[in-house]
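>>> sequence plus the predicted model coming up.
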Amino acid sequence: EDKVVQSPLSLVVHEGDTVTLNCSYEVTNFRSLLWYKQEKKAPTFLFMLTSSGIEKKSGRLSSILDKKELFSILNITATQTGDSAIYLCALHGSSNTGKLIFGQGTTLQVKP
Amino acid sequence: DGGITQSPKYLFRKEGQNVTLSCEQNLNHDAMYWYRQDPGQGLRLIYYSQIVNDFQKGDIAEGYSVSREKKESFPLTVTSAQKNPTAFYLCASTPLVGTGYTFGSGTRLTVV
């Protein structure tokens, strides 16, 4: 059974800190791994990763995938209070249905 | 502007009543999904549909029902058989062979 586990479940940092969020997975047939940010309501798309070792970057956020060790990390540098959110990791696995399997999420709080 | 609209944003239900949550998209996406989100548990798949007049159960379908009579619409009914319906419900859509999801803004259902 495909599975996604995120760690830590919650994290409190101060502005300017760098954080690393972890996502490990088990999958029969890998298609892609996605990261979302959820502030209040709808999750918003951050990254989609399909290949190992290729870093995706958007401003202060970056993410990388390791398909051999079955994990991904999301880095946020120079954190700001606006980064406070739930960060969701999702796996697009075996089927052709487009189903995503989500991890529990990591709740990040950035204090001023 | 294209997107997904969920309504209502907040819904209160008495025990024993059925309620229907609306989800409408104008993105011309083939596939639509319903997820439930509880604190600390991430998103769990309730039902999904890849084409009109066809849908499949997700991981937690018991106590829920759906229909897909039009491509644009995928309403979710929470029945009285659902033992713990208080949760945040998210609808999403994607092209059948696409990238990530587009999410609606969610409906928060509270049983009183």
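Received, thanks.
>>> sheet-wise, list the partners of the lowest-mean-pLDDT helix or strand in chain A with their directions.
One helix or strand of chain A scores below all others by mean pLDDT, DSSP states H and E: strand A:100-102, with a mean of 90. Strands adjacent to strand A:100-102 in the sheet, as given by DSSP bridges, are strand A:85-92 (antiparallel).
>>> in the partner strand, what's buried?
Of all the residues in strand A:85-92, those buried under the rule 16 or more other C-beta atoms under 10 Å in any protein chain shown are A:85-92. (Each C-beta comes from the backbone N, C-alpha and C, glycine too.)
>>> any idea of the pLDDT on the residue nearest the centre of chain B?
With distances taken as C-alpha atoms, centre = their mean, B:Trp34 lies nearest the centre of chain B, 3.1 Å away. Model confidence at B:Trp34, given as pLDDT, is 97.
>>> so it sits against B:Phe88, correct?
No - if you go by C-beta atoms under 8 Å, B:Trp34 and B:Phe88 don't touch, sitting 11.6 Å apart.
>>> one step back: any idea which helix or strand comes after the least confident helix or strand of chain A?
Per DSSP states H and E, strand A:100-102 leads on to strand A:106-111 as the next helix or strand towards the C-terminus.
>>> pull the CA atoms of that next one into CSV?
Output of strand A:106-111 as CSV, limited to C-alpha atoms (Å, rounded to 0.1, in the frame of the first residue of the first chain):
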residue,chain,number,x,y,z
THR,A,106,3.8,19.7,8.8
THR,A,107,2.5,22.7,10.7
LEU,A,108,5.1,25.5,10.6
GLN,A,109,4.8,28.5,12.8
VAL,A,110,7.2,31.4,12.2
LYS,A,111,7.4,33.9,15.1
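>>> mind listing what's buried along that strand?
A:106-108, A:110.
>>> who does the host helix or strand of B:Leu45 pair up with?
B:Leu45 belongs to strand B:43-51 when assigned by DSSP H and E. Sheet pairing of strand B:43-51 (DSSP bridges) gives strand B:31-37 (antiparallel), strand B:54-57 (antiparallel).
>>> report the contact partners of A:Gly93.
By C-beta atoms under 8 Å, 6 or more residues apart in numbering or on different chains, A:Gly93 lies in contact with A:2, A:27-31, A:99, A:101.
>>> check whether stretch A:12-29 contacts chain B.
No - using C-beta under 8 Å from any C-beta of the partner chain, stretch A:12-29 never reaches chain B; the gap is at least 11.0 Å.
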